[in-house]
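Engineer: Make a model of this:
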Amino acid sequence: MRRTRHRVVIIGGGTAGITVAARLRRAGQADVVVVDPAVTHYYQPLWTLAGAGHAPIEESARPQASVMPRGVRWIRQAAERVDPDEREVMLADGSVLGYEHLVLCPGIRLDWDGIAGLRPALGTDGVGSNYAYESAPATWNAIRNTRSGTAVFAMPAGPIKCAGAPQKIAYLAADHWRREGVLGAVDVHLILPTLGLFGIPEYAGVLAEVVRRYGITVHFESEVTAVRADVRELTVRGLTTGATFALPYTMAHLVPPQSAPDWIRESGLANPDDPGGYAEIDKHTLQHVRHPDIFALGDAGSSPNSKTGAAVRKQAPVVVANLLAAQRGAPLPARYGGYASCPLTTARRRTLLAEFDYSMRPAPSIPFLDTTRERTDMWYLKRRGLPFLYWNLMLRGRF
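Structural biologist: The predicted structure follows:
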């Protein structure tokens, strides 16, 4: 068994892992390891636009090697377990990494079998999902091939990454059918596990008008539990009543239930009462509540913010500042306020930029712009500005 020891080990080479690694290197940290088996890095926010025919899916992918910060050691293996008492990470190939400090950001696990029949139906017979690189193009095929019938867009219960995405594609699809002159022939359904369209009234009111504009039927406190592709039918369950009903579909955009990777719970790093198994951290410092040498950010952390790339952008400098302070034995100086951002695409070239924090109130980052309404400039920010900032600044630790 091969053993090595390092000053900082980062599990996960996605948005959070690369951003933290870049910031640590810029802060002068020489011994930084990133553990991730992926050979391709994805800018996932573009998948919604690809699923609506507004961007090529290939634009979202780059080689992982091209975003890895210089001077960082990249171990192309999957982490399988953490021993927080021994300060060790066990990898899939049997090797062991010791660490002084550990940063957990392995992303979120998509349970494609959590909806019965979804996995075999995905990408065929009108079923797509923008939550996978391979199936987002199938969403666009289903949308453009639908000229009449029933279209269903669903969100699962529980925390998911980019919780606005199941709604975004519904609005973009309806806008496409409106422009094609066939919206009146398409019965659009939106299935949400929540009590409302959005948790912040200022944005919920705008979305209610969008739903009214497109004539969308919304099923609140509900989720899809099964797909019967042979007869093109979904089973929908009410979360409070437990009652189910069958909903036929011509096309459907479905999102799988999500949770933290199993090994976080198995390593004793989650709260035993947390059904999602997320790494149990202080929501402000992002330090583990029981293991001060461990920090977590991104989708696998227990902080109650919306799981978005914008949240990672605010979390990464907090983790780096606090980790550096912990190395010196100093008090942790940085705090994360729960900021997250969700650019809700409501039509072609129209976006509602929802920004908020732990207060669950609007938290605009550009004070002189009214982002509580649909805006064309926010569409171009999502389509062009944010990808540029992501690839050229954020992943390099500069934004």
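
Engineer: per-residue confidence for the nearest residue to Ala300 once chain neighbours are set aside?
Structural biologist: Distance criterion CB to CB, 6 or more residues apart in numbering; nearest residue to Ala300, sequence neighbours excluded, is Ala260 at 4.6 Å. Just so you know, the C-beta spots here come from the backbone N, C-alpha and C atoms, and that holds for glycine as well. pLDDT, Ala260: 97.

Engineer: quick one, what contacts Ala260?
Structural biologist: Neighbouring residues of Ala260 by CB atoms under 8 Å, 6 or more residues apart in numbering: Pro106, Ile108, Arg109, Ala270, Gly276, Gly277, Tyr278, Ala279, Asp299, Ala300.

Engineer: of those, closest to Ala330?
Structural biologist: Ranked by distance to Ala330 (CB to CB), those are led by Ala279 at 23.0 Å.

Engineer: Is it correct that the closest one is in contact with Ser302?
Structural biologist: Yes - with contact defined as CB atoms under 8 Å, Ala279 reaches Ser302; the gap is 6.0 Å.

Engineer: what's the overlap in contacts for these two?
Structural biologist: In terms of CB under 8 Å, 6+ apart, Ala279 and Ser302 are both contacted by the residues Ala270, Ala296.

Engineer: Which residue of the two possesses the greater neighbour count?
Structural biologist: Ala279 (30 against 23; other CB atoms under 10 Å).

Engineer: how close does that one sit to His189?
Structural biologist: Using CB to CB, to the nearest Å, one obtains 35 Å as the distance from Ala279 to His189.

Engineer: Which parts of the stretch 1-150 of the chain are helices?
Structural biologist: Assigned by DSSP state H, counting those that start in this stretch, the helices in the stretch 1-150 of the chain fall at 15-26, 46-51, 64-67, 118-121, 136-145.

Engineer: Quick one: mean pLDDT for the third one?
Structural biologist: Right, helix 64-67. 98.

Engineer: same question, the fourth one
Structural biologist: Average pLDDT, helix 118-121: 96.

Engineer: Find the nearest non-adjacent residue to the spatially most central residue of the chain, please.
Structural biologist: Taking CA atoms, centre = their mean, the centroid of the chain lies closest to Lys161, which sits 2.6 Å from it. The shortest distance from Lys161 to any non-neighbouring residue, by CB to CB, 6+ apart, is to Lys307 (4.4 Å).

Engineer: wait, that neighbour sits on Gln315?
Structural biologist: No - Lys307 lies out of contact with Gln315 (CB under 8 Å); the separation is 10.7 Å.

Engineer: who has more neighbours, those two?
Structural biologist: More crowded of Lys307 and Gln315, by other CB under 10 Å: Gln315, with 27 against 21.

Engineer: Confirm the more buried one sits in a helix?
Structural biologist: Yes - checked against DSSP: H, G, I helix; E, B strand; the rest coil, Gln315 lies within a helix.

Engineer: and it, what is it in contact with?
Structural biologist: Contacts of Gln315 (CB under 8 Å, 6+ apart): Ala16, Leu286, Leu297, Gly298, Gly301, Ser303, Tyr336.

Engineer: go on, Met251?
Structural biologist: Gly126, Val127, Gly128, Ala142, Ile143, Asn145, Thr146, Gly149, Ala151, Val152.

Engineer: could you dump the residues you listed to JSON lines with distance to Leu332 and neighbour count?
Structural biologist: Below are these laid out as JSON lines (distance: CB to CB, whole Å; neighbours: other CB atoms under 10 Å):
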{"residue": "Gly126", "distance to Leu332": "50", "neighbour count": "24"}
{"residue": "Val127", "distance to Leu332": "46", "neighbour count": "25"}
{"residue": "Gly128", "distance to Leu332": "43", "neighbour count": "25"}
{"residue": "Ala142", "distance to Leu332": "48", "neighbour count": "23"}
{"residue": "Ile143", "distance to Leu332": "47", "neighbour count": "24"}
{"residue": "Asn145", "distance to Leu332": "53", "neighbour count": "10"}
{"residue": "Thr146", "distance to Leu332": "52", "neighbour count": "22"}
{"residue": "Gly149", "distance to Leu332": "55", "neighbour count": "14"}
{"residue": "Ala151", "distance to Leu332": "48", "neighbour count": "25"}
{"residue": "Val152", "distance to Leu332": "46", "neighbour count": "26"}
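
Engineer: Closest one of the residues you listed to Val320?
Structural biologist: Gly128 (37.4 Å).

Engineer: What confidence value was assigned to the closest residue to that closest one other than its chain neighbours?
Structural biologist: The shortest distance from Gly128 to any residue other than its chain neighbours is 3.1 Å, reached at Thr139 (CB to CB, 6+ apart). At Thr139, the model reports a pLDDT of 98.

Engineer: Surely Gly301 and Ile281 touch.
Structural biologist: Yes - using CB under 8 Å, Gly301 is in contact with Ile281, at 5.2 Å.

Engineer: Which one of the two is surrounded by more residues?
Structural biologist: Gly301 (29 against 26).

Engineer: For that one, list the residues it contacts.
Structural biologist: Gly301 touches Leu104, Cys105, Tyr278, Ala279, Ile281, Leu286, Gln315, counting by CB under 8 Å, 6+ apart.

Engineer: mind running it again at 7 Å?
Structural biologist: Tyr278, Ala279, Ile281, Leu286 (CB atoms under 7 Å, 6 or more residues apart in numbering).

Engineer: Now for the third one: which residues touch it?
Structural biologist: So that's Ile281. Gln287, His288, Val289, Ala296, Gly301, Ser302, Ser303.

Engineer: Next, give phi and psi for the nearest residue to the first one once chain neighbours are set aside.
Structural biologist: Meaning Gln287. For Gln287, ignoring the flanking residues on the chain, the nearest one in space by CB to CB, 6+ apart is Phe295 at 5.5 Å. Backbone torsions for Phe295, taken as degrees, to the nearest 10, come to phi -120, psi 160.

Engineer: before we move on, the earlier item: who wins for neighbours among the contacts of Ala260?
Structural biologist: Busiest of the contacts of Ala260 [other CB under 10 Å] is Ala279, holding 30 neighbours.
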